[in-house]
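> using only what follows, build the 3D model:
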Amino acid sequence: GTLTLTYKVVTLSAKTPSISGTAKVDEVLTAKVSAWGPAPVELAYQWKANGKNIEGAVASTYKVAAGDVGKKITVSVTGSKDGYKAVSKTSKSKKAAKASLKTYTPVISGTAQVDNTVQVSVSPWQAAKADDTSVALAYQWYRSGKAIKGATKDSYTLVGADAGKKLTVKVTGSKAGYSTASKTSKSVKVAKGVLGVDPEQLQVAGTLGVGNTLSVERGVWSAGVAPKVQVQWYRAGKAIKGAVNDSYTLVSGDVGKEISVKVTGSATGYTTKVLSNSWLWPYQQVGQLSLVAPAAGYVVGQTVKVSSVGWQPVPSLKYQWYRDGKAISKATKSSYKLAKADAGKQITVKVTISKSGYTAQPAWTSPAVTPTT
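Predicted coordinates:
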């Protein structure tokens, strides 16, 4: 007869696997399998995103990738054993989410003063659980809470508009699979800048004489912006009305007075700088007086003249001729015709020098001459 053998295929007993761990980028998920039998059972794994196999994800653990964000992650476990029918079970899903960056509050370093450059210091921002510092950082500087246009680097050069304002910087970190994060530094108050100028460049040129013109060199100013420069001339410490130009013409009222000039530089965001030159003392130029002798000597009937040269400005000159020390009537001009009464006498002339607004000069008396007949 014929022997007939009948095989009964037995199915493995299995429970649905579960996933442990947090479904965030760079976190590790683990497939939990229990009560598959009879033991031992060979298990195979396949991780899936939205039901599609994830290439290479065939271990019992899986590290969530940036591309998984927003997708449903499952794991299918297949058990096999000789003499048993293989069985597969798929876990419930976990939705993958973005991870959080490890952040640090930035710090502003450097002296916060106009024209200086400050920097932002920040410890490396990291991707959680990955010790990954390849986080992209972006910067934005703020002036009293308002974003400064174009100030998007890790350093910033302060300008006049920043003076007196509170400066902050916001650092924003980003990385694929991570939520973007921002941190803002503590504020620092910006000090005014200093207008620089070499005091030795403030030079006054010209001759100290009434009617002469003095001029001042304003100097070369160093600042982030060209400052506004103002000039004011002073007489005895008081501002001379209208004397606000680079040049000033000395007048009679300046004689014997202290004349100075101040140059003031100012610019938005900078401390005002005032420079003053040394005191100047204008004077009047004193000329000379002399007698001009006639060609034939001092002889009765000839004319003697007074020569006046070199006065600046020209003063008022008054003349009086004398005979033996006594004033000669009506002899009050710059020239005098020697008379018979002058023969053998000492003839002199006194010249009085004066001009309104000027220090009076001593009267000049000529040497005595004695005419002959």
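> in stretch 22-41, what counts as buried?
The neighbour-count check on stretch 22-41 (16 or more other CB atoms under 10 Å) flags A23, K24, V25, D26, E27, L29, A31, V33, W36, V41 as buried. C-beta coordinates here come from the backbone N, C-alpha and C atoms, glycine included.
> quick one: pLDDT of the last one?
By that I understand V41. With respect to pLDDT, V41 has a value of 95.
> one more: the fifth one?
What the model reports as pLDDT for E27 is 93.
> how about it: what's its closest non-neighbour residue?
V64 (5.4 Å; CB to CB, 6 or more residues apart in numbering).
> contacts only, for the nearest residue to K81 once chain neighbours are set aside.
Nearest non-adjacent residue to K81, counting by CB to CB, 6+ apart: V41, 5.2 Å away. Applying CB atoms under 8 Å, 6 or more residues apart in numbering, we find V41 in contact with L12, G79, S80, K81.
> what do you get if the cut-off is 10 Å, keeping everything else the same?
L12, S13, A14, V33, V77, T78, G79, S80, K81, Y84, A86, V87 (CB atoms under 10 Å, 6 or more residues apart in numbering).
> mind giving me the packing neighbours of the worst-scoring helix or strand of the chain on mean pLDDT?
Between all helices and strands in the chain, the lowest mean by mean pLDDT, DSSP states H and E belongs to strand 221-222, at a mean of 72. Judged by 3 or more CB pairs under 10 Å, 6 or more residues apart in numbering; DSSP states H and E, the packing partners of strand 221-222 are strand 196-197.
> parallel or antiparallel, list what pairs with the strand it packs on.
Partner strands for strand 196-197, per DSSP bridges, with pairing direction: strand 221-222 (antiparallel).
> show the subsequent helix or strand relative to the strand it pairs with.
Next helix or strand after strand 221-222 toward the C-terminus (DSSP states H and E): strand 228-235.
> host element of A35?
A35 belongs to no helix or strand, assigned by DSSP H and E.
> just give the closest residue to it, not the sequence neighbours.
Nearest to A35 is K15, by CB to CB, 6+ apart, at 5.0 Å.
> any idea of the mean pLDDT for the helix or strand hosting L137?
Per DSSP H and E, L137 falls inside strand 136-143. Averaging pLDDT along strand 136-143 yields 97.
> next one: stretch 337-349
Per-residue scores along stretch 337-349 average to 95.
> which residues are in contact with that stretch?
Taking CB under 10 Å, 6+ apart as the rule, stretch 337-349 contacts 289, 291, 294, 298-306, 319-326, 328, 331-336, 364-373.
> phi, psi for the residue nearest the centre of the chain please.
Per CA atoms, centre = their mean, the C-alpha nearest to the average position across the chain is that of D115, at 2.7 Å. Phi and psi for D115, reported as degrees, to the nearest 10, are phi 90, psi -10.
> tell me where the stretch 1-150 of the chain has helices.
With DSSP state H, counting those that start in this stretch, there are no helices along the stretch 1-150 of the chain.
> pLDDT weak spots in it?
Scanning the stretch 1-150 of the chain with the threshold set as pLDDT under 70 gives 1-9, 129-131.
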